[in-house]
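Trainee: Predicted coordinates and the sequence they were generated for:
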Amino acid sequence: MLISGSVFLITGGASGMGRAAAEVLLQEGAHLTILDLQRPLQDANFQFGHDRVLFLQVDVTSEKDVLNAMDATKRKFGKLNGVLNCAAVFSTAPIYDFKTLEPHSKQIFMKILDVNLCGTFNVIRLAIGLLAENEPDADGERGIIINTSSKAGVIGMTSSLAKELKSWGIRVLDIAPGVSNDDFVDASAANMLPRTEKPSDFGQLVKCIIANQMFNGTSVRLTAT
Ligand SMILES: NC(=O)c1ccc[n+]([C@@H]2O[C@H](COP(=O)([O-])OP(=O)(O)OC[C@H]3O[C@@H](n4cnc5c(N)ncnc54)[C@H](O)[C@@H]3O)[C@@H](O)[C@H]2O)c1
């Protein structure tokens with residue numbers, strides 16, 4: 001799929017991986033709808049308010065919010081070509097804390113599932129109608145969906161959705177990133193492989209997957225370790 005002139009919706013695009021992918025896609029000439037609970041910080045690389053970017057404060061688990069976002073995308077850009085799901089919440093708590101004798105909170109686990117997995121499903125199901133409205137391009141492609149939250153959950157979803165949507169010219173993939181933290185990548189570590197992944201590695205992989213039609217129905221592992 002050609003990135004320049006295409007319209008992508010990125011959830012969780014205010015920070016981290018989603019933001020890094022947004023920067024790459026903007027540089028390549030895409031139009032973007034960014035959905036996030038928090039407003040992104042503006043900086044020299046990424047000027048929100050740019051006429052090619054629509055930012056909406058949206059909870060990905062809300063049917064009403066996401067439907068409004070699809071309508072707003074259609075009104076502003078006239079179409080939607082792809083979806084990148086990066087909205088996520090995390091917990092670093094262990095399954096059982098052997099010091100405090102506390103098990104992991106079920107409430108936190110349910111929250112993670114709700115945002116990372118159900119939120120991803122919610123956005124996909126409400127975006128497909130718009131993707132299917134596109135005329136197929138020269139390669140027969142109408143759209144692309146890339147998921148990254150709660151890897152183990154979306155890996156199962158990816159292969160079955162890719163089968164279901166293949167005949168519509170819509171590809172579905174997921175990216176399974178390793179641990180990413182810019183602060184970890186000091187000058188000496190950057191000279192070694194494997195090193196810790198950077199959000200910009202994720203952005204470059206998203207660009208590569210969109211551009212190459214041979215990626216479909218699979219999980220792409222982004223880690224050198
Ligand atoms: N960073 C890592 O080391 C790492 C490792 C493996 C997998 N991942 C996966 O990559 C994805 C992105 O990670 P990241 O490091 O960019 O995280 P991040 O915290 O930087 O970004 C997540 C974004 O999602 C937004 N968000 C949270 N709940 C939301 C909701 N209900 N509606 C809309 N937006 C919401 C947050 O505001 C935030 O901007 C996640 O899916 C994560 O599971 C990250």
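Mentor: Structure's in. What do you need?

Trainee: Would you verify that residue 73 is located in a helix?
Mentor: Yes: counting by DSSP: H, G, I helix; E, B strand; the rest coil, residue 73 falls inside a helix.

Trainee: Buried by neighbour count: which residues of the biggest strand by length in the chain qualify?
Mentor: When the chain is scanned for its longest strand (criterion: DSSP state E), the result is strand 170-177. Residues of strand 170-177 classed as buried by neighbour count (16 or more other CB atoms under 10 Å): 170-175, 177. For every residue, glycine as well, the C-beta is placed using N, CA and C.

Trainee: what sits up against that strand?
Mentor: 17, 124, 128, 131-132, 141-148, 151, 154-155, 157-158, 161-162, 165, 197, 202, 205-206, 209, 213, 215-223 (CB atoms under 8 Å, 6 or more residues apart in numbering).

Trainee: repeat for stretch 62-70
Mentor: 9, 33, 35, 56, 58-60, 80, 122-123, 126-127, 129-130.

Trainee: out of those, who's near the ligand?
Mentor: For the ligand, the contacts drawn from the contacts of stretch 62-70 by CB under 6 Å from any ligand atom are 35, 58-60.

Trainee: Show me those residues that map onto strands.
Mentor: Checked against DSSP E, those include these in strands: residue 35.

Trainee: rewinding a little: report the two of the contacts of stretch 62-70 separated the most.
Mentor: 59 and 129 (20.2 Å; CB to CB).
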